[in-house]
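A.B. asks: Only the shape, not the letters, is given here:
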């Protein structure tokens, strides 16, 4: 990537806004800090895939309509295809490559293997990262569209099959592994 | 997407100033719709003003009992907020009926209000669209429009507003707070979005240089029975074919003391059903009364070739929600 | 051939599973290549006409842009067998979305921006994209897809229908459907001197290599095409698509590696779709339910580019005993994108119509729909007169009925409601032909006691690596973990594509033979193996493609329970249970995944998936994944897939039938029949979205 004499960080406050089209960004990916000079147009998904060669997060639609690019930013699942990398300065990103502890798979990864919760594998990293987010959200008491009105706010939500299905609905799987994915997440859910 | 400059605003004033000075600037919150549209070439900002680090990320209770929601509060956090779930269930339900968990984690309150229509002709720069390119024509009218407006549309535009949240806000009598270089003001949520008329390129009443800073949920509708219901093509992760938000409070005698009713996906804005509300206010909360009132409202519908079903769908949703809110003893 | 404890049939875990759950599996765009450039196609914005000028100056002036290819200057290629691959060769625009330029840039952002800056001028011609059964351009082709005759007639169908005491005459419509594999069509190409290396998302790279060799005039032995991991295909990656041709052109132009990853919104117009089908079915039966006459007339569309005929009337030639029949395909060529294979082409839409009509006939007769199928069970294939190699449809129906709890069902429509929900159940049959193609394979025994099997099979998610390893281990008498199987590389022994549910049968046959030969060779020798090991080859040409005296098909039965919301018209599937008779199941785990995957796509076909040909603009309105509704998690309940143990000695050494497609066949009919049972309304136009259902409920 070319460097321009006008490049500078975007943290400037006041005065004329930066006219540059690139900025330096520092973010942590799977625990490792990275500082990159990036085109403002670059989204997190392309930063991971093109700049860091972390190709686990997939480009299925590039428009937030399939969930294959799902990663966790500061512990929350998001579509990395819609996150401009320049907006993530100082954030912590966790991708599918960071789920396992060395050779020890994350329990969800193990459950996906046990349940044959995928076929082609292209949606799988997104399903996994999304499921990690679902477990955290339910534990934090976040309701879903199917959570009953009597569920007390702030208390963990029990993840039955209907809850898992609703909460994972932002992750398309064209191979139709849904029933097995739900079983895998149930295996791991408290 | 053309190259653009980037400003991370530290204060609301700085953001407003940047917006005022750069007519081609856009606010970046969660980016879930803006980045999507930039990739499609529909939005072509020269400058993005990031508002995520402004102090607008809290939900606070005001002394008068209302609830102020900052513009950068994420949709998922707002839906999960105990006070919102407790006092404004329609809002929580509307948020949770929209998008996906990932999108709700990123999307902001302000961004949700400012999202653009999902009309396929608006999203395709190779086709005519008066909203995207004024004067180019309306592709949807001559093309496919099963998902389009039945109320309040114009010759120039038949798009609908896609938000679920905004429908609940309209029914709940919320207000949208804005800040510009001229200072702060607020407008009723039900009037924040416009009808297309001759200027479909203008979605809302926001003025150049203004940004949304928050939404205020009034004390008057707090803790009243409210609900949101949406119909869609698949069980989740789909825009509404039609939706309804309603607030209904009955007097001790069982008559309608307060009612707020709004439709989603029927018009260029959340459709506040004022005619229906007037007809109901002070009257009995019976299925017949509901049907009469809703029919009065939907009499204004002007369906197009492919979307006549929306009138019946909206009617059914409204009757269902109102009847449920009125409680089993009233039916 | 196999005893207890055989690796064949065991629920072995996917060989590549760990790579897929850790993000380590690399797909076509993900091979690290320094200096790799990104290309973005520019689609035509008119439905018919010619490109008169392409102005690339503004695009070329943008930062990072390396080149723009147009029809005027793109590398010339030989005329392809598949004319959809003749991209950037001439100015004609046969349909909206046809590629009219290709931008190559250093980054995807730069390529996308520059694609938007290419200015194309057109001479616009009137277009016609509207499929009608009475379209004046309708004609009868010679053959439909798969080499099936367009027309077959037996006896006197008109006479039989006229005299039948019980009749059904119904029209059904299946809309255009899109494959939408999760990985968009993607190819990365790199010329290394006169060698070409391509990583592509394809269901079969042997064909890709042959096609590229012909188009670019390069010998096959100088071309390597890999597809190590493929993010689904469902037919749309069965043969090369424009992405791979464009990538090779761009790489030749720039001299460096180039990736073409088709934007999702370009898929519907570029990679094929399931053609819409208009069906008219007439059934005549005696009061005992026995069919006396049947006609299934199909009208469908294809593009101006090539003739593709969705063979939707073909399953009626297989299913039921009927002495008088006509099955006919007719076609109209329109200014539409070119249709192609989508999971169970022919059978999927055809069995929707046929199995819906059978349900209607059961209603007319007042007969249980399972019983109706039982009384029409043929003893030979109705069209060919051949005996079936095996046919266990009746067992599937009976076993499914027992598991589903069909007995005691109140047959009256609209007889069961739960509050606002109307509840109904439905049944439909499934069938899919046994297809198999010649393949080669190599098996090698190494001195360390391990084995390597090499075959250019493609694992598009079916579990091919795993199942072929099981086939090999079984034939070698070796434990699974001693066998390694290499697939997905055109340098490996040639093999046919993963399509037509033929992959495992075709590849497995040659793997079995190679391994059996190797086992014999090993048994005949003594002493340690040489360093390079001992190798055996197999080629099933002449056997796999030999005519069979038997009609060979898999069968199945689907049972669905649906709810219909009277307020919204929303239809949801509450239960979906299927039983299959598909020969020997070689891996219970991956087979179940394939079955429920097909059922899920069938659920989508029934309820959520539909594309609209925009008559004004000539493309599909639902061009992205927000508007084209692939089922999501919340649409899909816990599906049940069962199978019966079917022994069939007339297939292949494994005794297997294909399982990749039968899951989608008939599913939509079972769901539609359940919706009829729930509502008393017969819907004949898919998908069953709230707009249609509510209108009918209100009407």
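C.D. replies: Cool, got the structure. Just so it is clear, the model here is predicted, and its values are computed rather than measured. Numbering: from 1, shown residues only, chains lettered A, B, ... in the order given.
A.B. asks: pLDDT weak spots in the chain?
C.D. replies: Picking chain A for this. Along chain A, the parts satisfying pLDDT under 70 run over A:1-19.
A.B. asks: Chain B, not that one
C.D. replies: B:329-331.
A.B. asks: So which residues on it come close to chain C?
C.D. replies: Counting by C-beta under 8 Å from any C-beta of the partner chain, the residues of chain B close to chain C are B:1-3, B:39, B:41, B:118, B:120, B:123-127, B:139, B:142-144, B:146, B:231-239, B:241, B:307-310, B:312-313, B:316-317, B:319-320. To be clear about C-beta, it is placed using only N, CA and C from the backbone, and glycine gets the same treatment.
A.B. asks: Are any of those buried, and if so which?
C.D. replies: By neighbour count, with 16 or more other C-beta atoms under 10 Å in any protein chain shown, those hold B:1-3, B:39, B:41, B:118, B:120, B:123-124, B:126-127, B:139, B:143-144, B:146, B:231-239, B:241, B:307, B:309-310, B:312-313, B:316-317, B:319-320 as buried.
A.B. asks: near chain A too, which of the residues of chain B next to chain C?
C.D. replies: B:1, B:3, B:39, B:235-237.
A.B. asks: In those residues, find the pair that's most separated.
C.D. replies: B:3 and B:235 (40.3 Å; C-beta to C-beta).
A.B. asks: So residue C:642 belongs to a helix, correct?
C.D. replies: No. Counting by DSSP: H, G, I helix; E, B strand; the rest coil, residue C:642 is located in no helix; its state is strand.
A.B. asks: tell me the SS of the residue nearest to it when sequence neighbours are not counted?
C.D. replies: Leaving out its chain neighbours, the residue that sits closest to residue C:642 by C-beta to C-beta, 6 or more residues apart in numbering or on different chains is residue C:579, at 4.6 Å. Three-state call for residue C:579 (three-state DSSP): strand.
A.B. asks: I figured residue A:187 hits residue A:115, correct?
C.D. replies: Yes. Assessed by C-beta atoms under 8 Å, residue A:187 is found in contact with residue A:115 at 7.0 Å.
A.B. asks: Which one's more surrounded, the two?
C.D. replies: Just comparing residue A:187 and residue A:115: by other C-beta atoms under 10 Å in any protein chain shown the higher neighbour count belongs to residue A:115, 20 against 15.
A.B. asks: can you tell me how far that one sits from residue A:188?
C.D. replies: Here the criterion is C-beta to C-beta, to the nearest Å. By it, residue A:115 lies 10 Å from residue A:188.
A.B. asks: same thing with residue A:127?
C.D. replies: Distance from residue A:127 to residue A:188, by C-beta to C-beta: 13 Å.
A.B. asks: What of residue C:193?
C.D. replies: Note on residue C:193: its distance to residue A:188, by C-beta to C-beta, is 50 Å.
A.B. asks: ok, now residue B:242?
C.D. replies: Counting by C-beta to C-beta - residue B:242 and residue A:188 are separated by 37 Å.
A.B. asks: Between those two, point out the one with more neighbours.
C.D. replies: Under the criterion of other C-beta under 10 Å, the comparison of residue B:242 against residue A:188 puts residue B:242 first, with 30 against 17.
A.B. asks: mind listing what the more buried one touches?
C.D. replies: B:230-231, B:263-266, B:310, B:313-314, B:317 (C-beta atoms under 8 Å, 6 or more residues apart in numbering or on different chains).
A.B. asks: May I see those organised as JSON lines, with secondary structure added?
C.D. replies: Below are the contacts of residue B:242 laid out as JSON lines (three-state DSSP):
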{"residue": "B:230", "secondary structure": "strand"}
{"residue": "B:231", "secondary structure": "strand"}
{"residue": "B:263", "secondary structure": "strand"}
{"residue": "B:264", "secondary structure": "strand"}
{"residue": "B:265", "secondary structure": "coil"}
{"residue": "B:266", "secondary structure": "coil"}
{"residue": "B:310", "secondary structure": "helix"}
{"residue": "B:313", "secondary structure": "helix"}
{"residue": "B:314", "secondary structure": "helix"}
{"residue": "B:317", "secondary structure": "helix"}
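A.B. asks: Go through the residues you listed and say which is closest to residue C:222.
C.D. replies: residue B:265 (56.6 Å).
A.B. asks: residues near the closest residue to that closest one other than its chain neighbours, how many?
C.D. replies: The shortest distance from residue B:265 to any non-neighbouring residue, by C-beta to C-beta, 6+ apart, is to residue B:240 (4.0 Å). Number of residues near residue B:240 (other C-beta under 10 Å) recorded here: 29.
A.B. asks: quick check, residue B:240 in a helix?
C.D. replies: No. Using three-state DSSP, the secondary structure at residue B:240 is coil, not a helix.
A.B. asks: What backbone torsions are found at it?
C.D. replies: Torsion angles at residue B:240 (phi, psi; degrees, to the nearest 10) stand at phi -70, psi 140.
A.B. asks: I'd assumed residue B:229 was in contact with it.
C.D. replies: No. Using C-beta under 8 Å, residue B:240 is not in contact with residue B:229, being 9.5 Å away.
A.B. asks: need the contact list for residue C:50.
C.D. replies: Under the criterion of C-beta under 8 Å, 6+ apart, the neighbours of residue C:50 are C:91-93, C:122-123, C:125.
A.B. asks: what about residue 44, how many neighbours?
C.D. replies: Answering for chain A, as no chain was given. Residues lying near residue A:44 (other C-beta under 10 Å) number 27.
A.B. asks: sorry, should have said chain B
C.D. replies: Neighbour count of residue B:44, defined by other C-beta under 10 Å: 14.
A.B. asks: Give me the buried positions along the helix or strand containing residue A:186.
C.D. replies: In this structure, residue A:186 is located in helix A:178-188 according to DSSP states H and E. With burial defined by 16+ other C-beta under 10 Å, the residues of helix A:178-188 counted as buried are A:178-185, A:188.
A.B. asks: List of residues touching it?
C.D. replies: Counting by C-beta under 8 Å, 6+ apart, A:107-108, A:111-112, A:114-118, A:127, A:131, A:134-135, A:159-161, A:164-165, A:168, A:173, C:593, C:596, C:600, C:631, C:633, C:636-639 sit against helix A:178-188.
A.B. asks: mind listing the strands for chain B?
C.D. replies: B:5-8, B:25-28, B:47-50, B:59-61, B:67-70, B:175-180, B:183-188, B:211-217, B:226-231, B:242-250, B:256-264, B:271-272 (DSSP state E).
A.B. asks: Packing partners of the biggest helix by length in chain C?
C.D. replies: For chain C, the helix that runs over the most residues, judged by DSSP state H, is helix C:503-524. When contacts are defined as 3 or more C-beta pairs under 8 Å, 6 or more residues apart in numbering or on different chains; DSSP states H and E, helix C:503-524 sits against strand C:440-445, strand C:451-454, helix C:464-476, strand C:534-539.
A.B. asks: Quick one: distance of it to the chain centre.
C.D. replies: The chain centroid and the centroid of helix C:503-524 are separated by 28 Å under C-alpha atoms, centre = their mean, to the nearest Å.
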